[in-house]
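Asker: For reference, the sequence and a predicted model appear below.
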Amino acid sequence: MATDPLDRQAKLVDMQLKILDGIAKFNKAAAETERIQAETMGIVIANAVKAKIANQLEIAVKTLNKHRRELEEEQERIAADKKKTSIFISGFKPQSLMALGATFSAFNRGLSRLDGESVASFFEVEVGATHRSPANFVAVASSVTVEAAPDEVENLGLLMDWISGSGVFFKKAKPAHMLLLKSFGLLTKGLDARLKELAEKEAKLGQASMQEIESLAKLAGVPAAGVKSPAGGG
């Protein structure tokens, strides 16, 4: 079964939201511990420390809530793009040239969310005469004539560009389409590695130290202000 890059991107956002929830719990627990410790201090100092704790927690909560909204919006965009690009997997041609353009726009947005090394390895996949022949393509509109891709289309990146601008699409299960399906996994190598690392760290979040929480937040793309600083700090 072909790997869908957008499916992996959706899983990444799910993991980021899960980590965000874990950081919110960490902040709340840390604040409560600090409030209990403050009770052992003099009234004036205790009140000042409690006020600082409350202010820090408010900043962290606002930061996390804002980031949550951004992630949820990204989740919606990925879901919409996934619906458009699913035809790369199914091999069903777009209904119109406009739909073809929308499909490639969604695909390119997906590429922009990936690391350069993974995208490069996908683009560099060699394309031969078997993949360039007219038998690999179907016209999206009656006004389009199906022709062979030019000889200079020598890799998958160039083939994708040529298809997006030629008004044709992959013919299901033909050599070019099969090459595309087999190559999709190259796009998710970096993302898969990041997902694995995040999952391993998220599983230990309940026992994480302050330093580990800050490191995880950075790895997950959570703003630094989303992690409550110790009240005794600056």
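Answerer: Nice, thanks for sending it over.
Asker: Which is the succeeding secondary structure element to the helix or strand hosting residue 61?
Answerer: Residue 61 belongs to helix 43-90 when assigned by DSSP states H and E. For helix 43-90, the succeeding helix or strand toward the C-terminus, using DSSP H and E, is helix 97-112.
Asker: ok, residue 17 touching residue 68?
Answerer: Yes: between residue 17 and residue 68 there is a contact under Cβ atoms under 8 Å: 6.9 Å. Yep, even glycine has a C-beta here, placed from its N, CA and C like the rest.
Asker: Without its sequence neighbours, what residue ends up closest to residue 229?
Answerer: residue 56 (5.8 Å; Cβ to Cβ, 6 or more residues apart in numbering).
Asker: which residues does that neighbour contact?
Answerer: For residue 56, the contact set (Cβ atoms under 8 Å, 6 or more residues apart in numbering) comprises 31, 228, 229, 231.
Asker: For residue 206, see how far away it is.
Answerer: 21 Å (Cβ to Cβ, to the nearest Å).
Asker: same check, this time on residue 160
Answerer: Taking Cβ to Cβ, one finds residue 160 at 44 Å from residue 206.
Asker: Counting neighbours, go ahead and name the busier of the two.
Answerer: residue 160 (21 against 10; other Cβ atoms under 10 Å).
Asker: Return the distance of the helix or strand harbouring the more buried one from the chain's centre.
Answerer: Using DSSP H and E, the element containing residue 160 is helix 156-166. Put simply, helix 156-166 sits 23 Å off its chain's centre (Cα atoms, centre = their mean, to the nearest Å).
Asker: Pass me the low-pLDDT residue ranges in the chain, would you?
Answerer: 1-2, 232-234 (pLDDT under 70).
Asker: go with 50
Answerer: Along the chain, segments meeting pLDDT under 50 span 233-234.
Asker: okay, now residue 23: neighbour count?
Answerer: The local packing of residue 23 (other Cβ under 10 Å) involves 25 other residues.
Asker: ignore the last one, residue 178
Answerer: 16.
Asker: Residues contacting the helix or strand harbouring it, please?
Answerer: Assessed by DSSP H and E, residue 178 sits inside helix 175-187. The contact list for helix 175-187, computed with Cβ under 8 Å, 6+ apart, reads 2-5, 88-89, 91, 111, 114, 118-119, 121-122, 125, 127, 130-133, 136-137, 156, 159, 170-171.
Asker: by how many degrees do the next helix or strand after that helix and helix 175-187 diverge?
Answerer: If you walk from helix 175-187 toward the C-terminus, the next helix or strand you reach (DSSP H and E) is helix 189-203. Angle, helix 189-203 to helix 175-187, by axes from the mean of the first three to the mean of the last three Cα atoms, to 10 degrees: 40 degrees.
Asker: which outside residues touch the helix or strand that comes right after helix 189-203?
Answerer: Downstream of helix 189-203, the next assigned helix or strand under DSSP H and E is helix 210-220. Helix 210-220 is contacted by residues 15-16, 19-20, 23, 26, 30, 194, 197-198, 201-202, 204-205, 208, 222-224, 226-227, 230 when judged by Cβ under 8 Å, 6+ apart.
Asker: Please apply the same query to stretch 5-25.
Answerer: Taking Cβ under 8 Å, 6+ apart as the rule, stretch 5-25 contacts 60-61, 64, 67-68, 71-72, 74-75, 78-79, 81-82, 85, 110-111, 113-114, 184, 187-188, 191-192, 194-195, 198-199, 202, 205-206, 213, 216-217, 220-222, 226-227.
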